[in-house]
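**Q** Pasted the sequence and its predicted model underneath.
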Amino acid sequence: MSTHTGTARLIRFILRRDRVRLAVWVVGLAGVVIASASSLPPLYPDQQSIDQYALLFGDNPALVAFAGPGYGFDDPNLGVILVNETQLWACIAAALMSIFLVNRHTRAEEDDERADLLRSNVVGRHAPVTAAVVVVVGANAVLAAVCAVAFVALGYATVGSVALAGSIGLTGLAFTAITVVAAQIASGGRAALGLASAFLGAAFVIRAVGDIAGSWVRWLSPIGWAQGLRAFAGEQWWPLGLCLVFVAGMFWLARVLFDRRDLGSGILTQRAGRPRARRWLTSPIGLAVRLQRGTILGWTAATFIVGLVYGSIGESIEEMVADNPTFADVLAQQGGADITASFFATCMSQIALLAAGFAISAALRPRSEEVAGRAEQVLAMPLSRTAWVGSHLLVAAVGTVVVIGAGGLGVGISYATVSSDVNQITRMLGAAMATLPAVLVLGGLAVALFGASLRLSLIAWAGLAVTVLVQFFGELLQLPGWAMSLSPLQHVPGLPAEDLEVVPLLALSLVAVTLAAVGVGSLRARDVAA
Amino acid sequence: MSPVVHAAGLVKTFGPTRALDGLDLDVTSGEVHGFLGPNGSGKTVTIKIILGLLRPDGGEVRLLDRDPWHDAVDLHRRLAYVPGDTNLWPTLTGGETIDLLGSLRGGLDPTRRDELVARFALDPEKKARAYSKGNRQKVALIAALASGADLLVLDEPTAGLDPLMEAVFQEYILEAKDRGCTVLLSSHILAEVEKLCDRVTIIRQGRTVQSGTLAELRHLTRTTIEVETRQPATELAQHPGVNDLQVDDGRVRFDVDGEHLDDVIGRLASLGVVSLTSHPPTLEELFMRHYGEAPLEDVDDRERREAVRRPGGARS
C-alpha cells in the first residue's frame, strides 16, 4: 500500500466540502481582475493616452512600492498598464487564497482531530496533504487559465496575457508550497496561518525594497519572480524555472518534515507551561488578552515593518520630483498636489486595511470561542454575555489602536530619520490614527453580524473585501458614487495630504459603536451554539 | 420544598428537528438525579436550557425557582457545570484553565484544588492541546468539584475516564451529596447511575418516558428467577407475568413482572422449592426495555401493544 492511497477520493471530498468556498475565491478573484482588464481599453483608447499614463506612473517610486517595478514604461502598451494596475494585488490575493485553503485542509484539520479520523481509514500517510495541494494548485491553475483566456478575448497580446495570468497562478503555487512547509513547522493551525502570512508580508516588502532600489534583492521574493516574467514588456521565462525549482524544493522539505513529526504536533514543540494561572489571567479580560496576545503582537510587528519601509521611501519621492522637471510639470498641472503627502495618505489607508484585517479577526474571536464549544463553559459561569463579549471587544479595540499606531509610528520613525525632522513622528502617527474610526466600523460590522448569527458573521470579511476593492480598484473600475461610499475609508480625510475633519471621524465612530451595541444586544437574545 | 430543577413540557426545535418534545424533569434538593437517554435524545439540549444557554420554544423551566434564561448570571454563582465534550483553550495549561474557570466562578479552594489534581493524577503543566479527551474531562471536573457549588450539572462527565478515575469521580460525587449538594448527572454508564443516583429520569426522542426512584422503576420491571422444584414447574409458563420460561434439566429460568412476583413465589412454594436464585432487574435491563428491543420507529407501537397486553398476562 502506497503512502498516497486514497488521494483521489480525498480530492473529491475536498471539492465537495469546499465547493462554495473554492468557487467564491476563484470567481471573485478572476472577476475583479477581468473587470479591471475590461475597463482599461476605453480609458486609454490611443497611444497618446497610454504614453501619458507611463509619464505619470513610470519610475515613480511611490507607485513602484504599491504596483511593481514598472517594466515596459519606456515603450508602453495597454498591457503594461494592466500589469501595473492589477498584477501585484492579484498575486497577493492568489497567495492568500492558497495560504487559507492549504492550511484549512492540512494543519487546521489536525487541530480538530479530524485528520486522525481520516488517517485511520484506508488512507495513505501523505494522501491528505497531497490532496489539499492538488486542489489548491488546481484552483490557481483554473484562476490563471480563466484570466488568460479573458485577457486574450479582451484584445490583449497573447504572450503577455499568458505571462500575466501565469504570474498570478505562479504566486499562488509558490505560497501553496510555503504554507505546506509552514504547516509542518508550526505548533498549530493558527500559528501555521500566521507563519505563512508573515512569509507573504516579507515577500511583499522584499520586492518593494528591491524594486525601488532596482536591486537583485527582488529575486528573493516569490512575488518578484512573478513580476520578473515581464508580461507585455519583453517576456522572459527564466523566473518561471526559478519558481518551479523553489516549489519542488519546498514540497520536498515539507515531506521530510512531515515524516519527522507526529500528527498533531509541529517541529516547534510545546514546552511545559505553568501549573497555576497568574493572577491577571483569571478574569474575563485577562483571558481575552491571553487569547489575543499573539495575534496582536504579530499584526503590530507587521504594520510597524510595513510602516518603516514606506517611511524610508518618503524622501526619495521628493528627490525624484526635484530631478525630474517633466514630472514636476505634470504635478503642477494637477494643481500642485504634494506628492509626498499623497503617498503617505495612501500608505495610511494601506495600514488601515491591514489593521481592519486584525480588527475583524479580533472581533470575531468570540465567534471562534463559541464554535469551538469553549464559550458555553465560560457562559455557564456567573458571567453575563455582555461581560464576556465585552472583554473580547475591549481587547480587540485596544489591539486595533496598537496595530494602527505601530504602522503610523513605523512610517514616522523612518521618515523622520531620512528627512531629519523629528516632528514627522507625531504627524504620521496622527495621520494613521485618523483612519481608526473607519477600521472600527468594519470591526463593528463583524460584531453586529456575530450577534445576529454564527453563520452570518463571516460576511464581515466581505465587508473588508468590498473596502479593499473600492480602495484599490474603485477608480479604475469607475464604480458609481454609492458603491465607492461603501468603503468606510472613503469617509476619513486622507491625512497627511488633506486637512483633518472631525465630523466624519465622529460620525464613523458613532456608527462603529452602534453596530457593536446592536451586535451585543442581539447576542443576548439568541441561543448559544449547542 | 420547591425542586431545584423543574421543567414541564419543554419544547425546543432546531429548524425542522424537534429536539425536545414536551420533556419533564424534576430534581429535588440534595439528591443525585440520573438523567438517562440514548444519543440524540435531548439530554444536552435540556441541560443547556437549564443553564440559560438556549431558550426553550415552549414549556416551563425553573432553576432554583428562577428563570434560567433571565437570571443566568445569578444562578450560575450557585452551580458548576461540566460539559460532555470539554473543549479547552489549546494554549493554556490544565492548571491555568482550572484556576481560570475557578476564579470566573468566584474563586476556588486552593487546597482542595491541589488534592483533586493529585487524586485525578492530572499533569497541570501540560498545554490543553496535548491532553487526551479523558484529561480534558478531568480539568473540567476538577474545576467544578473544587468550586463548592451547591448544584453540580454534569453532562456525561466520565466519558473518556478510565475505571480508576471513574471510581475517584464516584467518591467525590458521594462526598458532595453528603455535603448536601444536588447533582444532575446525565450518563450512559448505568453502573455509575445505579451506584450514585437516588432518582432517575429516562428520556427518549425529547420526551420523558419514566421518572422515579430506582426502586420504583425496578418495581415496574422483571426479576430473573432460576429455580429447581420437586414437581415440574413448566406450567408456570402460563402464569400471568411470567416471561421467557426455559426448562433445563429440571431447572427452570424465567423473568417475572414486578407486580406478579408475590403470586409466582406463592405458586413456587406449593411446588416444593429445592433451590432458588434470583436477581433484581439491573438498570441495564430497564434501559434495554425502553430502547433495545425494537428499532426506534417501532417502539411506540410496541409499547402501546404491551400496555394493552400487560394487564391481560404473559407475552408468549
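**A** Looks like it arrived, so ask away. Numbers count the residues shown, from 1 in each chain, chains lettered A, B, ... in the order given.

**Q** From here on, just use CA atoms for contacts and neighbour counts.
**A** Fine.

**Q** Closest approach to chain B from the stretch 401-530 of chain A, which residue is it?
**A** Residue nearest to chain B within the stretch 401-530 of chain A: A:Asp527 (4.6 Å; CA to the nearest CA).

**Q** measure A:Gly390 to A:Val403 for me?
**A** A:Gly390 sits 19 Å away from A:Val403, taking CA to CA, to the nearest Å as the criterion.

**Q** which parts of chain B sit against chain A?
**A** Contact residues (CA under 8 Å from any CA of the partner chain) of chain B with chain A: B:45, B:48, B:51, B:53-55, B:72-77, B:80-83, B:86-89, B:92-97, B:99-101, B:103-106, B:124-127.

**Q** Could you tell me how many residues sit around residue 244?
**A** All of this refers to chain A. Residues near A:Leu244, counting by other CA atoms under 10 Å in any protein chain shown, number 14.

**Q** Correction: the question concerned chain B.
**A** By other CA under 10 Å, 14 other residues sit near B:Asp244.

**Q** How is it assigned, secondary-structure-wise?
**A** Three-state call for B:Asp244 (DSSP: H, G, I helix; E, B strand; the rest coil): strand.

**Q** per-residue confidence at the nearest residue to it once chain neighbours are set aside?
**A** The shortest distance from B:Asp244 to any non-neighbouring residue, by CA to CA, 6 or more residues apart in numbering or on different chains, is to B:Phe254 (5.5 Å). Looking at B:Phe254, its pLDDT reads 87.

**Q** Report whether A:Gly79 is found in a helix, as I expect.
**A** Yes - checked against three-state DSSP, A:Gly79 lies within a helix.

**Q** what's the neighbour count on it?
**A** Neighbour number of A:Gly79 under other CA under 10 Å is 24.

**Q** In three-state terms, label the residue nearest to it when sequence neighbours are not counted for me.
**A** Once flanking residues are discounted, A:Gly79 sits nearest to A:Phe232: 5.4 Å by CA to CA, 6+ apart. Under three-state DSSP, A:Phe232 falls in the coil class.

**Q** so which residue of the stretch 151-300 of chain B comes closest to chain A?
**A** Here the residue of the stretch 151-300 of chain B nearest chain A is B:Val153; by CA to the nearest CA that distance is 10.0 Å.

**Q** where's B:Arg18, which helix or strand?
**A** B:Arg18 is located in strand B:17-27, with elements delineated by DSSP states H and E.

**Q** Now tell me what touches that strand from outside.
**A** Contacts with strand B:17-27, where a contact means CA atoms under 8 Å, 6 or more residues apart in numbering or on different chains, come from B:3-13, B:33, B:40-42, B:45-46, B:59, B:184, B:201, B:203, B:205-208.

**Q** part of a helix, is B:Gly9?
**A** No - assessed by three-state DSSP, B:Gly9 does not belong to a helix; its assignment is strand.

**Q** gap between the nearest residue to it once chain neighbours are set aside and chain A?
**A** The spatially closest residue to B:Gly9, leaving aside those adjacent along the chain, is B:Gly22, at 3.7 Å (CA to CA, 6+ apart). From B:Gly22 over to chain A the distance is 19 Å, taken as CA to the nearest CA, to the nearest Å.

**Q** Mind pulling the model confidence for the spatially most central residue of chain B?
**A** In chain B, the centroid-proximal residue (CA atoms, centre = their mean) is B:Gly34; its distance is 3.1 Å. What the model reports for B:Gly34 is a pLDDT of 95.

**Q** does it really touch B:His188, like I thought?
**A** No - with contact defined as CA atoms under 8 Å, B:Gly34 does not reach B:His188; the gap is 9.7 Å.

**Q** hang on, the earlier thing: now tell me what touches the helix or strand hosting the residue of the stretch 151-300 of chain B closest to chain A from outside.
**A** In the assignment (DSSP H and E), B:Val153 maps to strand B:151-155. Defining contact as CA under 8 Å, 6+ apart, one finds that strand B:151-155 is touched by B:43-44, B:47, B:78-84, B:144, B:181-187.

**Q** in its sheet, what does it sit against?
**A** If you go by DSSP bridges, strand B:151-155 pairs up with strand B:79-82 (parallel), strand B:182-187 (parallel).

**Q** Tabulate the ones you listed in TSV, adding columns for mean neighbour count and mean pLDDT.
**A** Output for the strands paired with strand B:151-155, formatted as TSV (neighbours: other CA atoms under 10 Å in any protein chain shown; pLDDT from 0 to 100):
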stretch	mean neighbour count	mean pLDDT
strand B:79-82	26	95
strand B:182-187	25	95
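
**Q** Ok, which of these comes nearest A:Ala90?
**A** strand B:79-82 (48.1 Å; CA to CA).

**Q** how many neighbours does residue 171 have?
**A** All of this refers to chain A. Quick note: A:Thr171 (other CA under 10 Å) scores 30 neighbours.

**Q** let's do chain B instead
**A** Residues lying near B:Glu171 (other CA under 10 Å) number 13.

**Q** which residues touch the helix or strand harbouring it?
**A** For B:Glu171, the host element (DSSP H and E) is helix B:163-178. Identification of contacts with helix B:163-178 by CA under 8 Å, 6+ apart yields B:30-32, B:119-120, B:145, B:158, B:182-183, B:192, B:196.

**Q** What of stretch A:102-115?
**A** Contacts of stretch A:102-115 (CA under 8 Å, 6+ apart): A:14, A:116, A:128-129, A:132-133, A:136, A:176, A:179-180, A:183-184, A:188-190, A:192-193, A:263-264.

**Q** Check which residues of stretch A:480-492 are buried.
**A** Neighbour counts using 16 or more other CA atoms under 10 Å in any protein chain shown place A:484, A:487-492 of stretch A:480-492 among the buried residues.

**Q** any idea of the mean pLDDT in it?
**A** pLDDT averaged over stretch A:480-492 gives 94.

**Q** For that stretch, measure first residue to last.
**A** One end of stretch A:480-492 sits 18 Å from the other (CA to CA).

**Q** Which helix or which strand is home to residue 256?
**A** Unless you meant another one, I'm taking chain A. Assigned by DSSP H and E, A:Val256 belongs to helix A:238-260.

**Q** ah, I was thinking of chain B
**A** strand B:251-257.

**Q** What pairs with that strand, parallel or antiparallel?
**A** strand B:222-229 (antiparallel), strand B:242-248 (antiparallel).

**Q** And the contacts of the first one?
**A** Translated: strand B:222-229. With contact meaning CA under 8 Å, 6+ apart, strand B:222-229 is reached by B:250-258, B:261, B:268, B:271-281.
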